[in-house]
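**Q** structure, please.
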Amino acid sequence: VAEHGLPMLIETPLGTTRAMMDYTANVVARAGVEAEVGENMWRRPTERLNQRAIEAGLIGDVVRVSSYYESAGQDSCYHSMSLLRVYAGADVGEVRAHSRVSSLKPSVSETWTQAQLYYTNGVMGTCTFVTGWIGPLRRGHPRFMSVEGTNGFVVTGDGELNMLRRVEDGKPLSYPKLIEAGPVMPLRYYYETDPPIEYANHYGNRVLSDSGSTGAASDGFARADELLSIHRVVTEGAQPDYTIATARRDQELSIAIHESARLDRTLRPEQMPGETEWDSSVSARTLRL
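**A** Model (predicted):
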């Protein structure tokens, strides 16, 4: 597709290993075309609403971000890395991770991973995920993120755990996420702060499919945004909203977490060798397939 000179929308992850991602990046760069990578998480309407609330200073300065189950698929957490970087407002400088395997019953086990994240602007973070998160034992557990600020916090997720709390005149006040329903689709997502913070539906009454487990068209909004971005690239010469370089970094951070856990030490992602144990094992499995 790139060699035919066509801009494209690429699904996530861009590639499982850095070598896979670099191959795609080099092909696209040589062809001189643009590519939008379809990362959904930060584009969901609830996350867009919370980004606006944070940008407006409603919780003060961000000091800590954390993710529990949210946006982590199997043994990878590139979704979490993407959204946490948006909320932290900076890149990750160092990671310190631990992994433990738990036996559930004969021949069945799961791996838990816990990572400490140190962002370049001083924000701290944590990310927790488990390989069996979609299995019957863990399915249904609330998945959420938390953004702590100097004057409040936001709890966010694709379910009902969505609220903003801040201190006003010395008193803590809670603002639940509200949704104004339309004939077909939600009209806006908002917090009744003063003034209100909102994310409006700019797709009219188009039916946005793929509502997910909560019944909200979160991924429908996200995918519409991805298509709108690549449309601007083609018709206006704009830059993609989520580039190959950004997608590569988010997956590289996920790989760095595994490498930090394996080495049992703090790690700067740039210190990783050309091929980590993660890269080697994934490449071997791919060749077998």
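**Q** with just CA atoms, put stretch 13-23 into PDB.
**A** Taking C-alpha atoms only, stretch 13-23 is exported to PDB below (Å, rounded to 0.1, in the frame of the first residue of the first chain):
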ATOM      1  CA  PRO A  13      -0.400  -2.500  17.900                       C
ATOM      2  CA  LEU A  14       1.900  -1.200  15.100                       C
ATOM      3  CA  GLY A  15       3.900  -4.300  15.700                       C
ATOM      4  CA  THR A  16       4.600  -6.700  18.500                       C
ATOM      5  CA  THR A  17       8.400  -6.200  18.500                       C
ATOM      6  CA  ARG A  18      10.600  -3.200  17.800                       C
ATOM      7  CA  ALA A  19      12.000  -4.900  14.700                       C
ATOM      8  CA  MET A  20       8.500  -5.400  13.300                       C
ATOM      9  CA  MET A  21       7.600  -1.800  14.000                       C
ATOM     10  CA  ASP A  22      10.800  -0.400  12.500                       C
ATOM     11  CA  TYR A  23      10.200  -2.400   9.300                       C
END
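**Q** that stretch: which residues count as buried?
**A** Across stretch 13-23, burial judged by 16 or more other CB atoms under 10 Å covers 13-18, 20-21. In this view, the C-beta of every residue, glycine as well, is placed from N, C-alpha and C.
**Q** for that stretch, what is the average pLDDT?
**A** Averaging pLDDT along stretch 13-23 gives 91.
**Q** so what's E70 scoring on pLDDT?
**A** 59.
**Q** follow-up on the earlier one: wait, which of the buried residues of stretch 13-23 is closest to G149?
**A** G149 has its nearest neighbour among those in P13, at 29.9 Å by CB to CB.
**Q** now flag whichever of the buried residues of stretch 13-23 is closest to T128.
**A** Among these, and counting by CB to CB, the member closest to T128 is P13, at 19.6 Å.
**Q** show me the two of the buried residues of stretch 13-23 that sit farthest apart.
**A** The farthest-apart pair in the buried residues of stretch 13-23, when distances are taken by CB to CB, is P13 and R18, at 11.2 Å.
**Q** shared neighbours, the two?
**A** Common contacts of P13 and R18 (CB atoms under 8 Å, 6 or more residues apart in numbering): Q251.
**Q** measure G149 to R44 for me?
**A** For G149, the distance to R44 (CB to CB, to the nearest Å) stands at 20 Å.
**Q** ok, for V184, nearest residue in space, not its chain neighbours?
**A** Among residues not flanking V184 along the chain, N205 sits closest, at 4.2 Å (CB to CB, 6 or more residues apart in numbering).
**Q** residues in contact with the helix or strand in which T24 is found: which ones?
**A** In the assignment (DSSP states H and E), T24 maps to helix 18-31. Residues outside helix 18-31 that contact it (CB under 8 Å, 6+ apart) are 2-3, 5, 8, 10, 13-15, 34-35, 244-245, 247-248, 251-252, 255, 275, 279, 283.
**Q** okay, now P186: neighbour count?
**A** 17 (other CB atoms under 10 Å).
**Q** so for it, what's the nearest residue that isn't a sequence neighbour?
**A** Nearest to P186 is I179, by CB to CB, 6+ apart, at 5.0 Å.
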